[in-house]
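1. A predicted structure for the sequence below; I have some questions about it.
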Amino acid sequence: SQQGEEDPQALSIQEGENATMNCSYKTSINNLQWYRQNSGRGLVHLILIRSNEREKHSGRLRVTLDTSKKSSSLLITASRAADTASYFCATDKIRGTYKYIFGTGTRLKVLA
Amino acid sequence: EAQVTQNPRYLITVTGKKLTVTCSQNMNHEYMSWYRQDPGLGLRQIYYSMNVEVTDKGDVPEGYKVSRKEKRNFPLILESPSPNQTSLYFCASSFTGAANYGYTFGSGTRLTVV
C-alpha cells in the first residue's frame, strides 16, 4: 500500500450523519495533513496535526493521530451536502524533508 | 487576498512544443511545490523548492524542469511535452518548519498533450 493511503475509497452517507475516513502511512512523520478537493478544483487545507499531538478539532472536523499504529482518522460530524468532495491525507514521506506524499483519497458523497 | 495563482487554467498543446506553466504566491512562503494528479494515482510530487535557488526532485521529475529565481514564482517547464504528461497540475506553497500550517494550492492547470 502507498504512504498516506486513505480508507475507504468511497463513502456515501445521508445528510446529518457522521463520516469517518482513515489514513495509514508507513514511515515516521513530522505531521499529517488533511485536505478537501471539490471535483477538479484545487485542494483546500483542512487541518494539520503534528506527531506529538493525538487529537485536534476544527469546527465539525475531528482528527486523531496514532503514531504507534501509523494511522489517522478524520471525522466530519453532522455532514452536509456541501461536504461532498474527495478527502486526502498528506504526510512527509521522509521525516524532516518536504517530500510530501498524498494518498489517492476518499470520495465522500453526502445525500440530501 | 492570500493565494497561489497558476496560469493557464487550461492548455492544449502538441507533442514536443515547449511550454511553461506559471505559479506565483503572495504569502511570502519559502516552500513551493508542483504536483500532478491522475485518476487512480492521486497527487504525485514533481519538484519542490525550499527557498530561492533551492530545488529538489519529487517522485516523478522526469520530463519536467523548474526554477526558483524569486521567492514568489516557481514555474514548471516542459521542454518536450509528451502525451503521458497529460494531467491536472497543481502548484502549492507553505511556510516551512514549525510555521508550516499546511499548503495553499492553486486552482490547477489542466494540460492536454496531443
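-> Noted; the coordinates are in hand.

2. Run through the residues that contact the closest residue to residue B:18 other than its chain neighbours.
-> Distance criterion C-beta to C-beta, 6 or more residues apart in numbering or on different chains; nearest residue to residue B:18, sequence neighbours excluded, is residue B:79 at 5.5 Å. The C-beta positions use only the backbone N, C-alpha and C, and glycine is treated the same way. Neighbouring residues of residue B:79 by C-beta atoms under 8 Å, 6 or more residues apart in numbering or on different chains: B:18, B:63, B:65.

3. If you count neighbours, what's buried in the host helix or strand of residue A:74?
-> In this assignment (DSSP states H and E), residue A:74 forms part of strand A:71-76. Residues of strand A:71-76 classed as buried: A:71-74, A:76 (neighbour count, 16 or more other C-beta atoms under 10 Å in any protein chain shown).

4. Give the other helices and strands that that strand contacts.
-> Here strand A:71-76 touches strand A:19-24, strand A:31-37, strand A:43-50, strand A:61-66, strand A:85-92, going by 3 or more C-beta pairs under 8 Å, 6 or more residues apart in numbering or on different chains; DSSP states H and E.

5. Can you tell me what sits against the lowest-mean-pLDDT helix or strand in chain A?
-> Using mean pLDDT, DSSP states H and E, strand A:5-7 stands out as the lowest-scoring helix or strand of chain A, at a mean of 81. With C-beta under 8 Å, 6+ apart as the test, strand A:5-7 has contacts from A:21-25, A:87-89, A:103-106.

6. and the residue lying closest to residue B:104 once chain neighbours are set aside, what does it touch?
-> Nearest residue to residue B:104 in three dimensions, chain neighbours excluded: residue B:4, at 5.2 Å (C-beta to C-beta, 6+ apart). Shown in contact with residue B:4 (C-beta under 8 Å, 6+ apart): A:42, B:23-25, B:91-93, B:104-106.

7. switch the cut-off to 7 Å
-> Counting by C-beta atoms under 7 Å, 6 or more residues apart in numbering or on different chains, residue B:4 touches B:23, B:25, B:91-93, B:104-106.

8. how near is it to residue A:104?
-> The gap separating residue B:4 from residue A:104 is 23 Å, by C-beta to C-beta, to the nearest Å.

9. Flag every residue of chain A that's near chain B.
-> A:33, A:41-43, A:45, A:48, A:98-105 (C-beta under 7 Å from any C-beta of the partner chain).

10. Max pairwise distance over those: which two?
-> Using C-beta to C-beta, the residues of chain A next to chain B span at most 24.3 Å, a distance reached by A:41 and A:99.

11. Those two: which has the busier surroundings?
-> When neighbours are counted by other C-beta atoms under 10 Å in any protein chain shown, residue A:41 and residue A:99 differ, and residue A:99 comes out ahead with 18 against 14.
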